[in-house]
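Trainee: Mind folding the following:
(one chain, ligands or ions: 2)
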Amino acid sequence: MISVEEARARVLALARPPEPEQIALEHALGRAMIAPAVARLTQPPFDAAAMDGYALRSADLPGPLSVIGTAAAGQPWQGKPAPGTAIRIFTGAPVPAGYDRVVMQEIVTRDEDQITVADAGQNLNIRARGNDFAEGHEFQPARPLRPADLALLAAMNVPRLTVARRPRIAVLAGGDELVRPGSDPAPGQIISSNDIAIAALAREAGAEPIVLPLARDTEESLRDRFAEAEGCDLIVTIGGASVGDHDLIAKVAADLGMERAFYKLAMRPGKPLMAGRIANAAMLGLPGNPVSAVVCAKLFMQPLIRAMQGLPPGPEPLQAVLGRDLPPEGNRQHYLRARLSAGDGIPVIEPFADQDSARLWVLAQADALLIRPADDPARKAGERVNYLPLQQR
Ligand SMILES: Nc1nc2c(c(=O)[nH]1)N[C@H]1C(S)=C(S)[C@@H](COP(=O)(O)OP(=O)(O)OC[C@H]3O[C@@H](n4cnc5c(N)ncnc54)[C@H](O)[C@@H]3O)O[C@H]1N2
Ligand code: MOO
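Mentor: Residues are numbered from 1 along each chain as shown. Ligands and ions are numbered 1, 2, ... in the order given. Below you'll find the model as predicted:
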């Protein structure tokens, strides 16, 4: 069996280069830029007042000075500067040429059109032209766009962006035992929960998921579903990946001409993961156990979806301190559902006692996956270990 690292490299190699798409700025949240945006102006475009108060010349301090005009945001003062004068000015207004500082109105005493300044201090209260960015500066973060990025791009006067087209993901769950949430399960039936989670994980990573109708445990039913996935960039199957008589995914995928990148890896949970390409689509065959499916999707599907958008696969493991002793590990790299708590500069991590890969309740309590390498020896509380966060903290 190959290692998790080797499997990850082979999965990432399934990504085709991202396809460009032009979109309006207001639709760009969460999207991946694949061409730089170029600032069409300099910001601020002029020396701007950072406070409400008076523009004046430092040499004239402490006054008295006569106020000879007003400058407001959007309404520059156009007069002629002179020694011994001040301009009433408001935040965001261009500082008129000939004046070198702005004093806050709180430290100014005004009597009619005369002002005196108590103690102007060091701060000139002027935002210099171009102190944020200059015309021609390029912006292309290597991560999905955040709300503040949209503000920056707007300030750069860039109304349209070139982003990666969202990868289309077909999510295919199968099994004779499965029915949809809200139905009345007959004896032996359970609710299909995995496809909901996998579609959500796909969306979280920037993809557009399509949840296909549930497949039955027949080759024909699976072939029909694969046909419905036509045109998708990635097909993610759930279940039927193992060795049982009803585990048909490998057979049907092979019949459809799947080029296999690997099947099975030294990982727990998630051993029966399958990856490859079928025609124009990448394919991931996730194991059916709900926790295994989610862990595999986090470790392989989300990085693949990011790579399809030209983004770094991320996230890298973080460090924590073990909250309790752990026994030696088996021969597969283990991702243990765990809980984090605040520690002394570094979080403390404690895995749950029950690591059954069918227990969604435990997964819902977990906020991290503690990573133990294959054949890791016994560990003591206080030792440092790696983990992957399960949620944004
Ligand atoms: N003899 C062996 N048996 C098993 C092995 C093995 O190596 N030898 N591996 C085990 C491991 S590890 C896993 S993980 C599972 C994975 O099996 P499959 O991918 O074939 O999954 P299924 O058999 O179809 O289902 C397993 C389990 O998960 C439930 N399931 C499936 N789909 C869904 C869904 N959409 N929503 C909720 N739950 C789902 C299914 O009912 C089963 O309970 O195999 C072990 N067996
Ligand atoms: O992937 Mo399986 O969960 O190791 O039980």
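Trainee: Count the residues that sit near the residue nearest to residue 154 when sequence neighbours are not counted.
Mentor: Once flanking residues are discounted, residue 154 sits nearest to residue 25: 6.1 Å by Cβ to Cβ, 6 or more residues apart in numbering. All C-beta spots, glycine's among them, are computed from the backbone N, C-alpha and C. Using other Cβ atoms under 10 Å, the number of residues around residue 25 comes to 18.
Trainee: Show the contacting residues for residue 25.
Mentor: Residues in contact with residue 25 (Cβ atoms under 8 Å, 6 or more residues apart in numbering) are 150, 153, 154, 158, 159, 160, 161.
Trainee: Can you pull the phi/psi pair for it?
Mentor: Main-chain dihedrals, residue 25, degrees, to the nearest 10: phi -50, psi -40.
Trainee: Tell me, what's the model's pLDDT at it?
Mentor: Note for residue 25: predicted pLDDT of 98.
Trainee: ditto for the one 4 residues further on
Mentor: pLDDT, residue 29: 97.
Trainee: tell me which element the residue lying closest to it once chain neighbours are set aside is part of?
Mentor: Distances taken as Cβ to Cβ, 6+ apart place residue 145 nearest to residue 29, at 6.0 Å, with adjacent residues excluded. Using DSSP states H and E, residue 145 sits in no helix or strand.
Trainee: Tell me who's in contact with residue 145.
Mentor: Residue 145 makes contact with 28, 29, 30, 31, 32, 33, 153, 163, according to Cβ under 8 Å, 6+ apart.
Trainee: a markdown table please, covering those and showing neighbour count and distance to residue 198.
Mentor: Formatted as a markdown table, those follow (neighbours: other Cβ atoms under 10 Å; distance: Cβ to Cβ, whole Å):
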| residue | neighbour count | distance to residue 198 |
| --- | --- | --- |
| 28 | 20 | 25 |
| 29 | 12 | 22 |
| 30 | 16 | 18 |
| 31 | 21 | 21 |
| 32 | 22 | 20 |
| 33 | 24 | 26 |
| 153 | 20 | 32 |
| 163 | 25 | 23 |
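Trainee: now those in JSON lines, with secondary structure and distance to ligand 1?
Mentor: Putting the contacts of residue 145 into JSON lines (DSSP: H, G, I helix; E, B strand; the rest coil; distance: Cβ to the nearest ligand atom, whole Å) gives the following:
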{"residue": "28", "secondary structure": "coil", "distance to ligand 1": "33"}
{"residue": "29", "secondary structure": "coil", "distance to ligand 1": "30"}
{"residue": "30", "secondary structure": "coil", "distance to ligand 1": "26"}
{"residue": "31", "secondary structure": "coil", "distance to ligand 1": "29"}
{"residue": "32", "secondary structure": "coil", "distance to ligand 1": "29"}
{"residue": "33", "secondary structure": "strand", "distance to ligand 1": "35"}
{"residue": "153", "secondary structure": "helix", "distance to ligand 1": "40"}
{"residue": "163", "secondary structure": "strand", "distance to ligand 1": "31"}
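Trainee: Out of these, which comes closest to residue 213?
Mentor: Proximity of the contacts of residue 145 to residue 213 (Cβ to Cβ) peaks at residue 30, which lies at 27.8 Å.
Trainee: wait, doesn't residue 114 sit right on residue 66?
Mentor: Yes. Applying Cβ atoms under 8 Å, one finds residue 114 in contact with residue 66, separated by 6.0 Å.
Trainee: Ligand 2 versus the residue nearest the centre of the chain, what's the distance?
Mentor: Closest residue to the average C-alpha location of the chain: residue 144 at 5.3 Å, with Cα atoms, centre = their mean. Going from residue 144 to ligand 2 by Cβ to the nearest ligand atom, to the nearest Å gives 29 Å.
Trainee: Who are the contact partners of that residue?
Mentor: Neighbours of residue 144 in contact, by Cβ under 8 Å, 6+ apart: 30, 31, 32, 206, 311.
Trainee: now residue 65
Mentor: The contact partners of residue 65, by Cβ under 8 Å, 6+ apart, come to 54, 56, 84, 85, 86, 114, 115, 116, 117.
Trainee: That one: what's its closest spatial neighbour, skipping adjacent residues?
Mentor: residue 86 (4.3 Å).
Trainee: So what's the residue count around residue 186?
Mentor: Other residues close to residue 186 by other Cβ under 10 Å number 8.
Trainee: Which secondary structure state does it sit in?
Mentor: Secondary structure, DSSP: H, G, I helix; E, B strand; the rest coil: residue 186 is coil.
Trainee: Now for it: which residues touch it?
Mentor: Going by Cβ under 8 Å, 6+ apart, residue 186 touches residue 179.
Trainee: Can you name the helix or strand that the residue nearest to residue 65 falls in?
Mentor: Here residue 86, judged by DSSP H and E, is contained in strand 85-89.
Trainee: With residue 321 instead?
Mentor: In this assignment (DSSP H and E), residue 321 forms part of strand 318-322.
Trainee: Show me what that strand pairs with in its sheet, parallel or antiparallel.
Mentor: Using DSSP bridges, the strands paired with strand 318-322 are strand 348-351 (parallel), strand 384-389 (antiparallel).
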